[in-house]
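Q: turn this into a model:
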Amino acid sequence: MVDNNGRSAFAIPGAEQWTMTGRTGRRYRIMAWMPDAAVPEAGFPVIYMLDANAAFGTMVETVRLLGQGPYRVDPSVVIGIGYETDRPLDTQARFYDYTVYAADDELPPRKDRSPWPATGGAADFLQFIEEELKPSIERLYTIDRSRQMLFGHSLGGWFVLYALFRQCDAFQYYVAGSPSIWWKNGYIVPDAERFAESGKQADWRASLLIGVGSLEKPHMVRDARQMYERLLAADIPGFTVQYRCYEDEGHLSVVAPLIGRAVRFLDPNHDNRPKS
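A: As a prediction, the model looks like this:
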């Protein structure tokens, strides 16, 4: 609707949103963007991103922009998983969905001494993505199941690692931004070890990108680097891992450059392949 001054609400062309209630009763704001392009024979690659209220627009506009020029990336569908709020983050909801249960003595005191939000929903959330959200999306869009990405930041980055280590074949590309590896006294580290050991007998086909900002807390940078080195040294067949530390970026500002890298990560040949 246009007002008397000729102004109207801004919307990203091709984007839409709706509310989806999972079997557990939890409600999500699903945001979706469809490229204005012919559907590839194999279907569109797809990016599933967490904390969509905060960065869905950034992801979509990056895909749109990098889809231009001779070195353009392949067009991808973008699916954001958010919450029913107009704020960038729903702290209570994301703490529950992106974590396993943690007792009070497994977490550091919060700066304001307030209690931690409820935790423990990661297994149910992963099941929601796999068994409810993905089938719903695939009824709406033609998806290439061999080129699916999961993108998350902070606790969302922790959840990306959790999904990779627990159900590697759910996605082929994983992007863990500033992952909260400290969570629950480093609970995810043994998961990484088990993943590396089991991967030696498996035939994984997955790639992981870990990104962090140089201005983040020292333990965040250290933990991200050590996770990368641990997985790289494991030399898991069919599995690749990359690491990026973005200079002069903090915990929140790193999201934008990481999104730019993630979009190209999904199309690894684009830098060397001009497209007619």
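Q: R23 reaches F128, doesn't it?
A: Yes: if you go by Cβ atoms under 8 Å, R23 and F128 touch, sitting 7.4 Å apart. For the C-beta atoms, the positions are set from N, CA and C on the backbone; glycine is no exception.
Q: and the two? which has more neighbours close in?
A: Between R23 and F128, counting by other Cβ atoms under 10 Å, F128 is the more crowded of the two (21 against 10).
Q: the more buried one touches R27, doesn't it?
A: No: counting by Cβ under 8 Å, F128 stays clear of R27, with 10.9 Å between them.
Q: where along the stretch 51-200 of the chain do the helices fall?
A: For the stretch 51-200 of the chain, the helices defined by DSSP state H, counting those that start in this stretch occupy 52-66, 91-97, 122-128, 134-140, 155-166, 183-186, 188-199.
Q: what sits up against the fifth one?
A: Identification of contacts with helix 155-166 by Cβ atoms under 8 Å, 6 or more residues apart in numbering yields 50-51, 94-95, 97-100, 122-123, 125-126, 129, 150-152, 170-171, 174-181, 183, 188, 191-192, 194-195, 206, 208, 210, 227.
Q: using PyMOL, define a selection of the buried residues within the residues you listed.
A: Selecting only the buried entries of the contacts of helix 155-166 in PyMOL, with 16 or more other Cβ atoms under 10 Å as the criterion:
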select buried, resi 50+51+94+95+97+98+99+100+122+125+126+129+150+151+152+170+171+174+175+176+177+178+179+180+181+183+188+191+192+195+206+208+210+227
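Q: let me see the backbone angles for R110.
A: phi -80, psi 150 (degrees, to the nearest 10).
Q: which residues does it contact?
A: W116.
Q: doesn't L209 lie inside a helix?
A: No: checked against DSSP: H, G, I helix; E, B strand; the rest coil, L209 lies outside a helix; its state is strand.
Q: ok, it - contacts?
A: Neighbouring residues of L209 by Cβ under 8 Å, 6+ apart: 173-176, 241-244, 261-262, 265.
Q: ok, now with 7 Å
A: For L209, the contact set (Cβ atoms under 7 Å, 6 or more residues apart in numbering) comprises 175, 242, 261-262, 265.
Q: determine the longest strand present in the chain.
A: The longest strand of the chain (DSSP state E) is strand 143-153.
Q: pLDDT-wise, which helix or strand of this protein ranks last?
A: In the chain, no helix or strand scores lower on mean pLDDT, DSSP states H and E than helix 188-199, which sits at a mean of 93.
Q: packing partners for it?
A: In terms of contacts (3 or more Cβ pairs under 7 Å, 6 or more residues apart in numbering; DSSP states H and E), helix 188-199 is packed against helix 155-166, helix 218-234.
Q: and the contacts of it?
A: Under Cβ under 7 Å, 6+ apart, the answer for helix 188-199 is 158, 161-162, 165, 181, 227, 230-231, 234, 236-237, 239.
Q: R139: which of the residues you listed is nearest?
A: Nearest to R139 among these: Y162, at 26.7 Å, using Cβ to Cβ.
Q: poorly predicted segments of the protein, please.
A: Along the chain, the parts satisfying pLDDT under 70 run over 1-3, 269-276.
Q: CA atoms of the least confident helix or strand of the chain as PDB?
A: Only the C-alpha atoms of helix 188-199 are listed here, as PDB (Å, rounded to 0.1, in the frame of the first residue of the first chain):
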ATOM      1  CA  ILE A 188      30.700 -30.600  21.700                       C
ATOM      2  CA  VAL A 189      34.500 -31.500  21.700                       C
ATOM      3  CA  PRO A 190      34.000 -35.200  22.500                       C
ATOM      4  CA  ASP A 191      31.300 -35.200  19.800                       C
ATOM      5  CA  ALA A 192      33.900 -34.000  17.400                       C
ATOM      6  CA  GLU A 193      36.300 -36.800  18.500                       C
ATOM      7  CA  ARG A 194      33.600 -39.400  18.000                       C
ATOM      8  CA  PHE A 195      32.700 -37.900  14.600                       C
ATOM      9  CA  ALA A 196      36.300 -38.100  13.500                       C
ATOM     10  CA  GLU A 197      36.700 -41.700  14.600                       C
ATOM     11  CA  SER A 198      33.400 -42.900  13.100                       C
ATOM     12  CA  GLY A 199      34.200 -41.000   9.800                       C
END
